[in-house]
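Colleague: coords below, sequence missing:
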């Protein structure tokens, strides 16, 4: 490779093009991390120029790595593929466009012409395709239209086309963080340039200070006013020239031009943009389309057909799973790889994991993916499944499963689910049965207080079993019901019953969110036969029927109120018997069981919630139409026996919903 420092002028003054590959990420620089430091650096250099200071040091902006592209004809403008540095090059262009548009706005036409020499290639009549080749920088397709408009249209036309991003009453773009990054950068630089030129922002002892005598006449003569106006415009032009010339003269990059035999991909993987590290997904995308280019598989068409959807905001949304907070696409890629290899994936080494996955595929007896297009087809298909899981549409069986799974926060099952649902040999009904069995496994273990530790390894072991024995409901049931370890066993009906009826759930084994999910599921199940809809309000909250603060209005079964001493003793006692302390121990245990819990559209106020049962019963009657609550108010009283009886009634529904999976014909 050839490498050496060049000024921005040297980089942009020649008749040549810098083309960003279709597969590189779009413009991502932002105000605080990149635009503002860049502007401050330019402003500092402009002040040095205006003061004619000795400028000993150029400002270094990092590297621009280029790879020469062969020309189809002699008329084509020489072009280079930008391996790394597209964010810098794009920022240079946006800054120059902003300076050009300000010059045009205030009537400095000579400056406009000079700046455009660094935005456009000359001699369009000698170009093969002037609509494309006239641009010095040709961005990725995602940014292309807006970039062309910024560089070409001019300020008035830009404001007209993108009026929704401009204030109606003044020539200013909205807050930069709320609009497309390219337009935000352009607006930021335009505002800074305008302010610097029209104020004393660049003053640093270089301008003359004229102090008027207080006795002098304030009003200048017409000739003096004209001379003063000419002087002001000359100062403005001097400032503007300092601002754009500071960039092209005082800023340098290391230009690295790759020669035949240099591996552009390796260089790309080892370089980062200024202050904005490449995401693993960016590296994966670049690797895929670099291989497509190498195989001459028409990367741009493949990008449009298979990858473009991955550029949507849905995939860049930041999520938290475990200790990682990353863009959603990165979690998808991790689940995709894990599902394909039935093995663990290290999130912090996602790009290396993907390259290893491709290598494993290539070493398979079948040869793996016959083409990059086949690889992209697979990614797109799995991406569609993953999106359905996360969008959780109730009329989609995969989305419905994702919605039911959400409260339990067991995303480690995703690789298994993706593989199950993509299995072509299985009918959809059998796939739905498998998802129901997996949900039963998760819910039963949670209610029985069993650990979720090592679920990632366990679900991958399920996947390996199915790969070896065939994807089917029967093989899934065989594997799950054969497990005996505490970290993997599926609780049978008796254990599930004991936990459901007797074990404290709310705030103990289950969070309020999960208790609510269980009760909502039972409400929907109860509604199926007699109600027109099973849709519930989004703001339901869990309510205790016998309240946590029961002492004042809820006497013990004996009809007596406990003393302070008895309350203290019951706090540490465990034995349930007929004594008042034993009765309090039983009440404490049953208080947070399912039999004593329900859901309401809005919480009852504290006076009703902790008040006597007759008041709570009346409130439920007045404010709730839920089947769960209509059943509760049928009881004339509410005590421990009622709680246990209702718990068993709810258990009957739970056993139907999260039914223990038996092999066909063995129930």
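Modeller: Yep, that arrived. From a predicted model like this one, the values you see are computed outputs, not experimental measurements.
Colleague: Strands along the protein, start to end?
Modeller: Under the criterion DSSP state E, the chain contains strands at 2-7, 16-19, 59-69, 78-84, 137-138, 251-258, 318-321, 324-327, 541-544, 597-600.
Colleague: from the ones you listed, which stretch is densest packed?
Modeller: Of all the strands of the chain, strand 597-600 carries the top mean neighbour count, a mean of 23, counting by mean count of other C-beta atoms under 10 Å. Using the backbone N, CA and C atoms, a C-beta is placed for each residue, glycine as well.
Colleague: That one pairs with which strands, parallel or anti?
Modeller: strand 541-544 (antiparallel) (DSSP bridges).
Colleague: The partner strand: how far from the chain's middle?
Modeller: Chain-centre distance of strand 541-544: 32 Å, with C-alpha atoms, centre = their mean, to the nearest Å.
Colleague: Next, the buried residues of the lengthiest helix in the chain.
Modeller: Secondary structure of the chain per DSSP state H: the longest helix is helix 222-250. Of all the residues in helix 222-250, those buried under the rule 16 or more other C-beta atoms under 10 Å are 235-250.
Colleague: related to what we said a few turns ago, take the strands of the chain and lay them out in a markdown table including distance to residue 375 and mean pLDDT.
Modeller: Shown next, in a markdown table, are the strands of the chain (distance: least, C-beta to C-beta, whole Å; pLDDT from 0 to 100):
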| stretch | distance to residue 375 | mean pLDDT |
| --- | --- | --- |
| strand 2-7 | 33 | 84 |
| strand 16-19 | 24 | 93 |
| strand 59-69 | 23 | 84 |
| strand 78-84 | 22 | 87 |
| strand 137-138 | 26 | 94 |
| strand 251-258 | 25 | 89 |
| strand 318-321 | 25 | 89 |
| strand 324-327 | 20 | 89 |
| strand 541-544 | 47 | 89 |
| strand 597-600 | 47 | 90 |
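Colleague: possible to save the ones you listed as TSV with distance to residue 404?
Modeller: As requested, these are exported to TSV (distance: least, C-beta to C-beta, whole Å):
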stretch	distance to residue 404
strand 2-7	57
strand 16-19	48
strand 59-69	48
strand 78-84	45
strand 137-138	48
strand 251-258	52
strand 318-321	18
strand 324-327	24
strand 541-544	18
strand 597-600	16
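Colleague: Relative to residue 422, which of the ones you listed is closest?
Modeller: strand 318-321 (21.1 Å; C-beta to C-beta).
Colleague: State the distance from residue 321 to residue 31.
Modeller: Separation of residue 321 from residue 31 (C-beta to C-beta, to the nearest Å): 29 Å.
Colleague: what residues go with each domain of this protein?
Modeller: According to automatic domain parsing, the chain comprises the domains 2-207+222-258, 274-499, 506-657.
Colleague: what sits against the residue lying closest to residue 455 once chain neighbours are set aside?
Modeller: If the residues on either side of it in the chain are set aside, residue 455 comes closest to residue 412, at 4.6 Å by C-beta to C-beta, 6 or more residues apart in numbering. Each residue near residue 412 by C-beta atoms under 8 Å, 6 or more residues apart in numbering is listed here: 455, 456, 459.
Colleague: per-residue confidence for the nearest residue to the second one once chain neighbours are set aside?
Modeller: Residue nearest to residue 456 in three dimensions, not counting chain neighbours: residue 412, with 4.1 Å by C-beta to C-beta, 6+ apart. In the predicted model, residue 412 carries a pLDDT score of 95.
Colleague: likewise residue 171?
Modeller: At residue 171, the pLDDT value in this model is 84.
Colleague: Could you measure from it over to residue 187?
Modeller: In terms of C-beta to C-beta, residue 171 sits 10 Å off from residue 187.
Colleague: Name the residue in those two with the higher neighbour count.
Modeller: Using other C-beta atoms under 10 Å as the criterion, residue 171 and residue 187 rank with residue 187 on top: 23 against 13.
Colleague: So the more buried one sits against residue 173, correct?
Modeller: Yes: checked against C-beta atoms under 8 Å, the pair residue 187 and residue 173 is within contact range at 3.2 Å.
Colleague: what is in contact with the two at once?
Modeller: Common neighbours of residue 187 and residue 173 (C-beta under 8 Å, 6+ apart) are 165, 179.
Colleague: Next, the contact list for residue 438, please.
Modeller: For residue 438, the contact set (C-beta under 8 Å, 6+ apart) comprises 413, 416, 417, 476.
Colleague: what do you get if the cut-off is 7 Å, keeping everything else the same?
Modeller: Counting by C-beta atoms under 7 Å, 6 or more residues apart in numbering, residue 438 touches residue 413.
Colleague: Residue 648: how many residues sit nearby?
Modeller: 13.
Colleague: I'd guessed residue 627 sits against residue 524; true?
Modeller: No: the pair residue 627 and residue 524 fails to qualify as a contact (C-beta atoms under 7 Å) at a distance of 9.3 Å.
Colleague: which neighbours do those two share?
Modeller: Joint contacts of residue 627 and residue 524 (C-beta under 7 Å, 6+ apart) do not exist.
Colleague: where does this protein have its least confident helix or strand?
Modeller: Lowest on mean pLDDT, DSSP states H and E among the helices and strands of the chain sits helix 264-270, with a mean of 56.
Colleague: for the most centrally placed residue in the chain, phi and psi?
Modeller: Closest residue to the average C-alpha location of the chain: residue 317 at 1.6 Å, with C-alpha atoms, centre = their mean. Dihedral pair for residue 317: phi -60, psi 130, per degrees, to the nearest 10.
Colleague: I'd say it and residue 326 touch.
Modeller: No: between residue 317 and residue 326 there is no contact, the gap being 10.1 Å when judged by C-beta under 7 Å.
Colleague: Which of the strands of the chain sits closest to residue 35?
Modeller: strand 59-69 (13.3 Å).
Colleague: Residues touching that closest one, excluding its own?
Modeller: 19, 41, 45, 79-85, 88-89, 250-258, 264, 267, 271, 274.
Colleague: What distance separates the opening and closing residues of stretch 172-186?
Modeller: This stretch, stretch 172-186, spans 11 Å end to end (C-alpha to C-alpha, to the nearest Å).
Colleague: chain center to that stretch, what's the gap?
Modeller: Stretch 172-186 has its C-alpha centroid displaced from the chain centroid by 20 Å (C-alpha atoms, centre = their mean).
Colleague: That'll do, ta.
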